[in-house]
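1. Below are the sequence and a predicted model; questions follow.
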Amino acid sequence: ASCLCGSAPCLLCGCCPSSNNSTITRLIFSFFLLLGTAVAVIMILPGMEEELRKIPGFCKDGTSIPGLENQVECNILLGYKSVYRMCFAMACFFFFFAAIMIRVRSSKDPRAAIQNGFWFFKFLILIGITVGAFYIPDGTFHTVWFYFGAVGSFIFIIIQLILLIDFAHSWNKAWVANAEDGGNKCWFAGAESDRDLR
């Protein structure tokens, strides 16, 4: 219980004795991102709205239970609108924690305990932001969030291209330097075969 509600990193640290708090923290935040992505994928699957309508008493215009009025608009819960809302919630969650960690230089900073622990509360915050995102009125939210997504994906692709080109250049430079210094022709053959693959 202390690992979920306190500043202890997690029970995973006992399984991974050689890992640091920051490594476990990265893994858990990656799990949060993976979980949010999986929920978004489930929400956009074809046929999911029809399956939800089959649950008695859940969706409006769906199967009903006598005496109970269906309250949930399933077209809001599913489809591209729900993916936008889920991604908005995840972006708010991660930007919030990024803002908290500005100028934290070491694990001795008091705010580092917030970063490396309290996972139960962080999970509740993520769920709360997600539920709150579904109460945002339609209006222009989807249009604005579409443009955020388009610009963000463009920037992401450009950064990935720059990193890929830098990685290929560094790799080639290291292999050619090894071939020239060591006199081993295998390094030249590796660099040439890598070039031929591209």
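-> Yep, it's here. Numbers count the residues shown, from 1 in each chain.
2. Number of residues surrounding residue 23?
-> 14 (other Cβ atoms under 10 Å). Where you see a C-beta, it was placed from the backbone N, CA and C, and this is true even at glycine.
3. And for residue 86?
-> Residue 86, neighbours per other Cβ under 10 Å, totals 21.
4. Please name the residues that touch it.
-> Shown in contact with residue 86 (Cβ atoms under 8 Å, 6 or more residues apart in numbering): 36, 39, 40, 43, 130, 133.
5. who touches the second one in this structure?
-> Which is residue 39. So residue 39 contacts residue 86 (Cβ under 8 Å, 6+ apart).
6. For it, what are phi and psi?
-> Note on residue 39: its backbone torsions stand at phi -60, psi -40 [degrees, to the nearest 10].
7. now, which of the contacts of residue 86 sits nearest residue 24?
-> Nearest to residue 24 among those, counting by Cβ to Cβ, is residue 36 at 19.0 Å.
8. Are we agreed that that closest one is in a helix?
-> Yes - per DSSP: H, G, I helix; E, B strand; the rest coil, residue 36 lies within a helix segment.
9. Show the pLDDT at the closest residue in space to it that isn't next to it in sequence.
-> Spatial nearest neighbour of residue 36, excluding adjacent residues (Cβ to Cβ, 6 or more residues apart in numbering): residue 90 at 4.4 Å. The model reports residue 90 with a pLDDT of 92.
10. Give the helix, strand or coil label for residue 90.
-> Classified using three-state DSSP, residue 90 is helix.
11. Turn the contacts of residue 86 into TSV, columns for pLDDT.
-> Below are these laid out as TSV (pLDDT from 0 to 100):
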residue	pLDDT
36	91
39	89
40	87
43	80
130	89
133	85
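12. Can I get the buried part of those as one PyMOL selection?
-> Buried subset of the contacts of residue 86, written as a PyMOL selection, criterion 16 or more other Cβ atoms under 10 Å:
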select buried, resi 36+40+43+130+133
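13. can you tell me which of the contacts of residue 86 lies nearest to residue 107?
-> residue 36 (26.0 Å).
14. who's in contact with the closest one?
-> With Cβ under 8 Å, 6+ apart, residue 36 has these contacts: 86, 87, 89, 90, 126, 130.
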